[in-house]
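Asker: generate a structure from the sequence data that follows.
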Amino acid sequence: HIRECTACSDQYCDDHIAVCHECGDPLCPTHTEACGTCDSIMCGSHTTTCAICGGPSCEDHAARCHECSEVVCATHHVDCAGCLGTICVDHAQACASCDDLFGESHIDGCSVCGTQLCQSHRETCTTCGESLCAEHAIACQQGGELHCADHLRLCGVCTNDGTTQGGLCEHHRTACAVGD
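Answerer: Okay, the predicted model is just below:
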């Protein structure tokens, strides 16, 4: 049996022609691609190229990154723990607290130390909205709201004599009566 390659029209016997996994078109050895994950044979129109490694993938084993919109192979994509969408490994970051992988849009760094944290493991300054790690989020002594160090004030006397652990936010701050 002699068949014609759909891509180049050259003639090949059944032993030397392959069939596209997706569309069934006959292809010569020159015009086939094999998926790097499942080894399925594909024609050029059903082959995707990974933006990271340049390797071929079938449509079942390629995915578009939610962060950069690039198509990547199964080896170079993971599921975002925040939205369960696909993200490429170039845009995946691990939360320093839980080690889950998140897309860059679902993780944020502490504004003080830069530690990368997911929404479940980061705090937010009530005043300015900056992201903070647990170490740099300070509770107002009066109201308990969390703030960054820029938005809390400590009494120099209380802080030095060890009678206070935190500070007061702008809303709860009053003049210190010591020494007046």
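Asker: contact partners for Ser40?
Answerer: 21, 34, 58, 60 (C-beta atoms under 8 Å, 6 or more residues apart in numbering). (Each C-beta comes from the backbone N, C-alpha and C, glycine too.)
Asker: per-residue pLDDT of it, please?
Answerer: You'll see Ser40 listed with a pLDDT of 95.
Asker: and it, its phi and psi?
Answerer: phi -60, psi 140 (degrees, to the nearest 10).
Asker: same question, the one 5 residues further on
Answerer: Backbone torsions for Ser45, taken as degrees, to the nearest 10, come to phi -80, psi -10.
Asker: from Asp10, how far off is it?
Answerer: 18 Å (C-beta to C-beta, to the nearest Å).
Asker: Gly109 too?
Answerer: According to C-beta to C-beta, Gly109 and Asp10 sit 56 Å apart.
Asker: ok, the spatially most central residue of the chain - contacts?
Answerer: By C-alpha atoms, centre = their mean, the chain has its centre lying nearest to Gly103, at 1.5 Å. Listed by C-beta under 8 Å, 6+ apart, the contact set of Gly103 reads 65-67, 80, 82-83, 85, 87, 91-93.
Asker: most neighbours, which of those?
Answerer: Neighbour counts for the contacts of Gly103, by other C-beta atoms under 10 Å, peak at Ile87, which reaches 29 neighbours.
Asker: and that one, that's in a helix?
Answerer: No: looking at Ile87 with DSSP: H, G, I helix; E, B strand; the rest coil, it is strand, so not inside a helix.
Asker: report the beta-bridge partners for Gly109.
Answerer: Gln116 (DSSP bridges).
Asker: what's near enough to touch it?
Answerer: Gly109 makes contacts with 115-117, 131, as judged by C-beta under 8 Å, 6+ apart.
Asker: looking at those, which one is closest to His76?
Answerer: Each of the contacts of Gly109 was checked against His76 using C-beta to C-beta; the closest is Gln116, at 20.2 Å.
Asker: would you mind confirming that that closest one is in contact with Ala96?
Answerer: Yes: contact criterion C-beta atoms under 8 Å: Gln116 and Ala96 qualify, at 5.6 Å.
Asker: show me the helices in this protein, by range?
Answerer: 156-161 (DSSP state H).
Asker: helix or strand with the lowest mean pLDDT in it?
Answerer: Least confident helix or strand of the chain, by mean pLDDT, DSSP states H and E, is helix 156-161 with a mean of 56.
Asker: residues in contact with the residue nearest to Phe102 when sequence neighbours are not counted?
Answerer: Leaving aside its sequence neighbours, Phe102 sits nearest to Gly82 (C-beta to C-beta, 6 or more residues apart in numbering; 4.9 Å). Going by C-beta under 8 Å, 6+ apart, Gly82 touches 102-103, 106-107, 118-119.
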